[in-house]
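model this:
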Amino acid sequence: MSALAAVLFDMDGTLVDTEGLWWRATEEVAEGLGHRLTDADAPEVVGRAVEDTAAHLVRVSGGGDPNEVGAALTDHFFRRVEEGAPMRPGAQRLLTALAAQGVPFALVSASPRVVVDSVVGGSLAHVPFAFTLSADDTTRTKPHPDPYRAAAERLGLAPQACVAVEDSPDGAASAEAAGCGVLVVPSLLAVPASPMRVFARSLEEATPELLRSCLPAAS
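Modelled structure (predicted):
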């Protein structure tokens, strides 16, 4: 079996249960624009960067400034995250197993730096990440490959030696485009199948061995 050089974890909906918080924050901002959020909006909300969701809300509501809407989204989300973002089932066990085997792991998020720092300083304060990467740290964020390429480069590794753990279509697309192996643990949105993607129902099913099986060379 191929060697697992590093694991790159998404944050929202993967390690911490924040997708619901993001949805409720978006609902609040959408209501202020006169738009009622429904399941039809989900592909433009779940797993998307703030800028993408802001542009969507401006588009469907027919009004508002994208920068102001983005700032409102960040503020509403940040306030909810500050109240607490619990870890997803199985997350702690998997992180502990990777640390015990000496496999480094990093956080690769499409959330703004202020939100990442809040979560990492709160419910993930005890987790020994090699580093954290936010939407503010690359020119383009998910679904573009830039975040995962940047994370692998920072580790001094080829993306093909890393496995990304994701819960959303955009996140999986980002990791796959970068060349990483991908373990998908869906949360609010279904993620399309792909030859590059391995699926688990939750992180409770994930082990270092399963992650190794996700490596491109192992598939």
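
Bridged to residue 197, which residues?
Using DSSP bridges, the bridge partners assigned to residue 197 are residue 182.

Just to check, it is in contact with residue 180?
No - using Cβ atoms under 8 Å, residue 197 is not in contact with residue 180; the gap is 10.5 Å. Every residue, glycine included, has its C-beta placed from N, CA and C.

Those two: which has the busier surroundings?
More neighbours surround residue 180 than the other of residue 197 and residue 180, with 33 against 20 (other Cβ atoms under 10 Å).

Start from the N-terminal end of this protein and give the helices.
For the chain, the helices defined by DSSP state H occupy 19-32, 50-61, 66-82, 91-100, 113-120, 146-155, 169-178, 208-213.

centre of the chain versus the first one, how much separation?
If I follow you right, that is helix 19-32. 17 Å (Cα atoms, centre = their mean, to the nearest Å).

Domain-wise, how is this structure divided?
6-17+85-218, 19-82 (automatic domain parsing).

before we move on, the earlier item: which of the helices of the chain has the highest mean neighbour count?
helix 169-178 (a mean of 25; mean count of other Cβ atoms under 10 Å).

check contacts around the nearest residue to residue 12 once chain neighbours are set aside.
Of all residues not flanking residue 12 in the chain, residue 18 sits nearest, at 4.4 Å (Cβ to Cβ, 6 or more residues apart in numbering). Residues near residue 18 by Cβ atoms under 8 Å, 6 or more residues apart in numbering: 11-12, 77, 81, 85, 119.

ok, the residues you listed vs residue 151, which is closest?
residue 11 (12.5 Å; Cβ to Cβ).

That closest one against residue 109, yeah?
Yes - using Cβ under 8 Å, residue 11 is in contact with residue 109, at 4.0 Å.

Need the per-residue pLDDT for the residue nearest to residue 12.
Here, the pLDDT recorded for residue 18 equals 86.

can you check the one 10 residues further on too?
The confidence metric pLDDT takes the value 95 at residue 28.

Could you measure from it over to residue 57?
Distance of residue 28 to residue 57, computed by Cβ to Cβ, to the nearest Å: 11 Å.

The residue nearest to residue 44 when sequence neighbours are not counted: what's it in contact with?
Closest residue to residue 44 apart from its sequence neighbours, by Cβ to Cβ, 6+ apart: residue 56 at 3.8 Å. Taking Cβ under 8 Å, 6+ apart, we find residue 56 in contact with 41, 44-45, 48.

same thing with residue 139?
Per Cβ under 8 Å, 6+ apart, neighbours of residue 139: residue 146.
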